[in-house]
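Student: okay, here's the prediction I keep looking at, along with the sequence it came from:
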Number of protein chains: 2
Amino acid sequence: MKTLIVVSHPDISNSQTQQFLKKGSELTDAIWHHVEGLKSIEVDLERKLLESADRVIFQFPLYWYAAPAGFKKWLDTVMSRNFVYGDGQFHLEGKELGIVVTTGLPAKDFKIGGIEDITLDDVLAPYRAFARRSHMKVLPYLLVDQYWYKTENQQMQLLMDYQRYLSQDYPDSLNNRQAWFEKRLKSFVDNLPEDSQTSGKLILDTYQQQIENLDQLNDTLKMIKEGEDDSLE
Amino acid sequence: MKTLIVVSHPDISNSQTQQFLKKGSELTDAIWHHVEGLKSIEVDLERKLLESADRVIFQFPLYWYAAPAGFKKWLDTVMSRNFVYGDGQFHLEGKELGIVVTTGLPAKDFKIGGIEDITLDDVLAPYRAFARRSHMKVLPYLLVDQYWYKTENQQMQLLMDYQRYLSQDYPDSLNNRQAWFEKRLKSFVDNLPEDSQTSGKLILDTYQQQIENLDQLNDTLKMIKEGEDDSLE
């Protein structure tokens, strides 16, 4: 899967959050594309980048309930009506659109009646409308709130969540998570030094065995549920 | 009432809609402030302009379900957290915030299940959230859809609606409409040439007499309703 991260931040080198996410993206094949860093917005180049991606991520901090001006400039410049939906042509059709939004306030403030008195779903509705108009598939947004307050464990969790957001198949089901993790574990074991290969493969075997056990349990559960359904008839 | 119109359009001289609205604004005392026309955004000057206004209008065409990039740049630059709500200081507190939004698509397309599959209230929610955060009073937005399809009569109606939006007291009640119209009629009659003054004053007298008649009818209606309330007890 090819993922393009369209990142917007007017002062990205001083953003701890964005620098951390950038390192996370480098552990995947995703392309990090910082729009304020472009000398000029070359429409044709940007569109080729978009067209070559299977998943497009809009990534930005919230400034007054929307992406920064630099992102809007990129969107207004690259997305003409004709490119997005004109003449029955949908150049972004079928691609996935994800949003990684970072906030200085905690998630709990984005509630009706809360400090911000608006939900993040409502804040992001205009981007969802764009996705629908361009026939893209919307992924649930990934929120990174108050990065600088996170413990080291929470940061590691975020690093995994972010990598999965960039490269895992959606929906975010147990099966898709397992497949994603197994693939990464395999590649990790393959790259171990020779003297660690044996124990690495043991871990991988154990993991794969556990997935099989889980699958069997799921099958059993399914049979039980089907039996219950029958008894209701 | 002092009204500041913060207008955003990247190519305003070629926008028939904005040029028409500009002429409308010149019939009022409102200040027309085109953000893309500024050489640079001088934060202190912009804030003084805002602070001197009783009503602030954000006016823009919808580009991908939001104001153009130029507006966002102005907003991101002028509105710091400290200016808007920091340290318990609300520099825009109590001012009215209106939104004049122009669209190329007709109003009926902005419905759940419609072509745009989102309502204009949802599109404009981020600006409303800004108003709440800054303790401003939100006015209902004024939509100008498909200006170029409007008949001459519809354009004249729009011209009146726009002028009222800039200078009439809110809520948009019959009393506030009458007061607004009476004030304008007076000033119109005062500026008539001498030989038209007599007929001008006659029109004004008739209008004022009609308002009085209407007030009396309302009083009667009120008494009748109160009587009905009593009879329910």
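Tutor: It's in. For clarity, every value in this text was computed on a predicted model and none was experimentally measured.

Student: and the helix or strand bottoming out on mean pLDDT in chain A, which residues are buried?
Tutor: Here the helix or strand of chain A ranked lowest by mean pLDDT, DSSP states H and E is helix A:194-232, holding a mean of 87. Neighbour-count burial for helix A:194-232 flags A:200, A:204, A:207, A:211 (criterion: 16 or more other C-beta atoms under 10 Å in any protein chain shown). Using the backbone N, CA and C atoms, a C-beta is placed for each residue, glycine as well.

Student: and the residue nearest to the last one when sequence neighbours are not counted, what element?
Tutor: The spatial neighbour of A:Ile211 that comes closest, neighbours along the chain excluded (C-beta to C-beta, 6 or more residues apart in numbering or on different chains), is A:Gln178 at 5.5 Å. Under the criterion DSSP states H and E, the helix or strand holding A:Gln178 is helix A:174-190.

Student: what stretches of chain A score poorly on pLDDT?
Tutor: A:231-233 (pLDDT under 70).

Student: domains in it, as residue ranges please.
Tutor: Following automatic domain parsing, one finds the domains of chain A at A:3-172, A:173-233.

Student: which of those sits most buried?
Tutor: Most buried of the domains of chain A, by mean neighbour count (mean count of other C-beta atoms under 10 Å in any protein chain shown): domain A:3-172, with a mean of 17.

Student: end-to-end on that one?
Tutor: Domain A:3-172 stretches 16 Å from its first residue to its last (C-alpha to C-alpha, to the nearest Å).

Student: so is it next to chain B?
Tutor: Yes: Domain A:3-172 lies within reach of chain B by C-beta under 8 Å from any C-beta of the partner chain, at A:10, A:63-70, A:72-73, A:75-76, A:79, A:116-118, A:122-123, A:125-130, A:132-133.

Student: now do the helices in chain A.
Tutor: For chain A, the helices defined by DSSP state H cover A:16-26, A:43-51, A:69-78, A:81-84, A:120-123, A:125-133, A:152-167, A:174-190, A:194-232.

Student: let's have these in TSV, adding distance to B:Pro193.
Tutor: Conversion of these to TSV gives the following (distance: least, C-beta to C-beta, whole Å):
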stretch	distance to B:Pro193
helix A:16-26	67
helix A:43-51	57
helix A:69-78	50
helix A:81-84	50
helix A:120-123	55
helix A:125-133	52
helix A:152-167	72
helix A:174-190	80
helix A:194-232	89
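
Student: now for those helices, which one comes closest to B:Gly227?
Tutor: Within the helices of chain A, the stretch nearest B:Gly227 is helix A:120-123; the backing value is 46.0 Å (C-beta to C-beta).

Student: closest to A:His91 out of the buried residues of helix A:194-232?
Tutor: Relative to A:His91, and with distances defined as C-beta to C-beta, the nearest of these is A:Ile211, at 38.4 Å.

Student: if we can go back for a sec, Serialize the buried residues of helix A:194-232 to JSON lines and add fields for distance to B:Lys150.
Tutor: Below are the buried residues of helix A:194-232 laid out as JSON lines (distance: C-beta to C-beta, whole Å):
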{"residue": "A:Gly200", "distance to B:Lys150": "72"}
{"residue": "A:Leu204", "distance to B:Lys150": "69"}
{"residue": "A:Tyr207", "distance to B:Lys150": "67"}
{"residue": "A:Ile211", "distance to B:Lys150": "64"}
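
Student: and these, which is closest to chain B?
Tutor: Nearest to chain B, judged by C-beta to the nearest C-beta, of the buried residues of helix A:194-232 is A:Ile211 at 39.4 Å.

Student: returning to that earlier point: pretty sure the residue nearest to A:Ile211 contacts A:Glu212?
Tutor: No: between A:Gln178 and A:Glu212 there is no contact under C-beta atoms under 8 Å: 10.7 Å.

Student: between the buried residues of helix A:194-232, which is closest to A:Trp148?
Tutor: The closest of these to A:Trp148 turns out to be A:Tyr207 (C-beta to C-beta; 33.7 Å).

Student: which ones are touching that closest one?
Tutor: Residues in contact with A:Tyr207, defined by C-beta atoms under 8 Å, 6 or more residues apart in numbering or on different chains, are A:181-182, A:185.

Student: again, only using 10 Å
Tutor: Shown in contact with A:Tyr207 (C-beta atoms under 10 Å, 6 or more residues apart in numbering or on different chains): A:178, A:181-182, A:185-186, A:189.

Student: and A:Leu204, by the same measure?
Tutor: Counting by C-beta under 10 Å, 6+ apart, A:Leu204 touches A:182, A:185-186, A:188-190.

Student: ok, of those residues, which one's closest to chain B?
Tutor: Using C-beta to the nearest C-beta, the contacts of A:Leu204 come closest to chain B at A:Glu182, 37.8 Å.

Student: please verify my assumption that the closest one contacts A:Thr206.
Tutor: No: using C-beta atoms under 10 Å, A:Glu182 is not in contact with A:Thr206; the gap is 11.7 Å.

Student: now the most centrally placed residue in chain A. Nearest residue, chain neighbours left out?
Tutor: Central residue of chain A (C-alpha atoms, centre = their mean): A:Tyr165, 2.8 Å from the mean position. The shortest distance from A:Tyr165 to any non-neighbouring residue, by C-beta to C-beta, 6+ apart, is to A:Leu142 (4.8 Å).

Student: quick check: the one you found vs A:Ser15, distance?
Tutor: For A:Leu142, the distance to A:Ser15 equals 16 Å [C-beta to C-beta, to the nearest Å].

Student: so A:Leu159 touches A:Glu26, yeah?
Tutor: No: look at A:Leu159 against A:Glu26 with C-beta under 10 Å: they stay out of range, at 11.0 Å.

Student: in contact with A:Leu4, which residues?
Tutor: Residues in contact with A:Leu4 (C-beta under 10 Å, 6+ apart) are A:30-33, A:46, A:49-58, A:95, A:166.

Student: hmm, I was thinking of A:Ile112
Tutor: Counting by C-beta under 10 Å, 6+ apart, A:Ile112 has contacts A:118-119, A:122.

Student: cutoff 8 Å now
Tutor: A:Ile112 makes contact with A:118-119 under the criterion C-beta under 8 Å, 6+ apart.

Student: please apply the same query to A:Val189.
Tutor: A:Val189 neighbours (C-beta under 8 Å, 6+ apart): A:197, A:200-201, A:203-204.

Student: same thing but 7 Å
Tutor: The neighbours of A:Val189, taking C-beta atoms under 7 Å, 6 or more residues apart in numbering or on different chains as the test, are A:200-201, A:204.

Student: dump the residues you listed into JSON lines; add distance to B:Asp219 as well.
Tutor: Shown next, in JSON lines, are these (distance: C-beta to C-beta, whole Å):
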{"residue": "A:Gly200", "distance to B:Asp219": "90"}
{"residue": "A:Lys201", "distance to B:Asp219": "93"}
{"residue": "A:Leu204", "distance to B:Asp219": "87"}
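
Student: and these, which is closest to B:Tyr149?
Tutor: Nearest to B:Tyr149 among the contacts of A:Val189, counting by C-beta to C-beta, is A:Leu204 at 65.6 Å.
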